[in-house]
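In: Structure for this input, please:
(one chain, ligands or ions: 1)
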Amino acid sequence: MKSDFSLNGLKSVASAAIVATCLALPTLEAAAGEAEAAPLSDRELARGRILFLQCRACHAVPGDEGERTGPALHGIFGQEAAAAAGFRGYSEALRTSGIVWDTELMDRWLRDPARLVPGNTMAYAGIADDQSRDLLIRYLEVITEAE
Ligand code: HEC
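Out: Here you go, the predicted model:
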């Protein structure tokens, strides 16, 4: 009987934790949606790092060495498109796009690059999942600014 009690105790602790997590989720999402300033948790940083691996094959960020297929993304937010110093591989399409990168345009670019800038030469289909894109952009905001 005694062990039944403690098992029940454990179960209610576990369900309390699940309920608490579910209650906290909408709050987290609201916070993520409203502010660029919302800091990333360790878990989000880890997830962002994984999402960015595919980009990093072609793009350097501060701290990376060496030439890549794509332009470096240092300080990309607030910068005009096709302005990375020393990168000569830009397409005419991106050079004449008139884009100044902010989070909204970055979101549209990463959802479907060919739709935002037809004729661009980034060989990347896009990320359909809204949450992954959102997290990747918040991660980008952090790492493209780092020294
Ligand atoms: C296969 C290589 C490749 C991959 C993978 C790739 N890119 Fe690119 N990216 C490029 C190239 C090449 C360009 C330049 C495109 C052009 O000039 O039309 C570019 C352009 C960009 C630009 C515009 C840069 C500027 O100076 O205006 C951003 C932002 C960008 N990529 C972000 C990303 C992100 C984030 C990912 C990962 C989700 C990614 N890219 C994946 C090759 C790649």
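
In: Report the rounded mean pLDDT for the helix or strand encompassing R49.
Out: Taking DSSP states H and E as the criterion, R49 maps to helix 42-56. For helix 42-56, mean pLDDT is 97.

In: go on, stretch 137-147?
Out: If you average the pLDDT over stretch 137-147, you get 92.

In: which other residues reach that stretch?
Out: By CB atoms under 8 Å, 6 or more residues apart in numbering, the surrounding residues in contact with stretch 137-147 are 32, 36, 38, 40, 44-45, 47-49, 51-52, 61-63, 73-77, 103, 106-107, 110. Using the backbone N, CA and C atoms, a C-beta is placed for each residue, glycine as well.

In: Pull out the buried positions in it.
Out: Using 16 or more other CB atoms under 10 Å as the burial criterion, the residues of stretch 137-147 that qualify are I137, R138, Y139, L140, E141, I143, T144.

In: With stretch 108-119 instead?
Out: R108, W109, L110, P113, L116, V117.

In: and what of stretch 77-96?
Out: F77, A81, A82, A84, Y90, L94.

In: now, the most widely separated pair of these?
Out: The most widely separated members of the buried residues of stretch 77-96, counting by CB to CB, are F77 and Y90 (18.0 Å).

In: So what's the gap between stretch 83-94 and the chain middle?
Out: Distance, stretch centre to chain centre, for stretch 83-94: 22 Å (CA atoms, centre = their mean, to the nearest Å).

In: no wait, stretch 137-147
Out: Offset of stretch 137-147 from its chain centre (CA atoms, centre = their mean): 9 Å.

In: again, but for stretch 41-57
Out: 7 Å.

In: Which positions within that stretch qualify as buried?
Out: Applying a neighbour-count criterion of 16+ other CB under 10 Å, the buried positions in stretch 41-57 are E44, L45, R47, G48, L51, F52, C55.

In: who touches the nearest residue to the first one once chain neighbours are set aside in this structure?
Out: Once flanking residues are discounted, E44 sits nearest to L135: 6.0 Å by CB to CB, 6 or more residues apart in numbering. Under the criterion of CB under 8 Å, 6+ apart, the neighbours of L135 are E44, R47, G48, L51.

In: Any figure for the gap between the closest residue to the third one other than its chain neighbours and the ligand?
Out: By that I understand G48. Closest residue to G48 apart from its sequence neighbours, by CB to CB, 6+ apart: Y139 at 2.8 Å. Separation of Y139 from the ligand (CB to the nearest ligand atom, to the nearest Å): 9 Å.

In: Thank you, goodbye.
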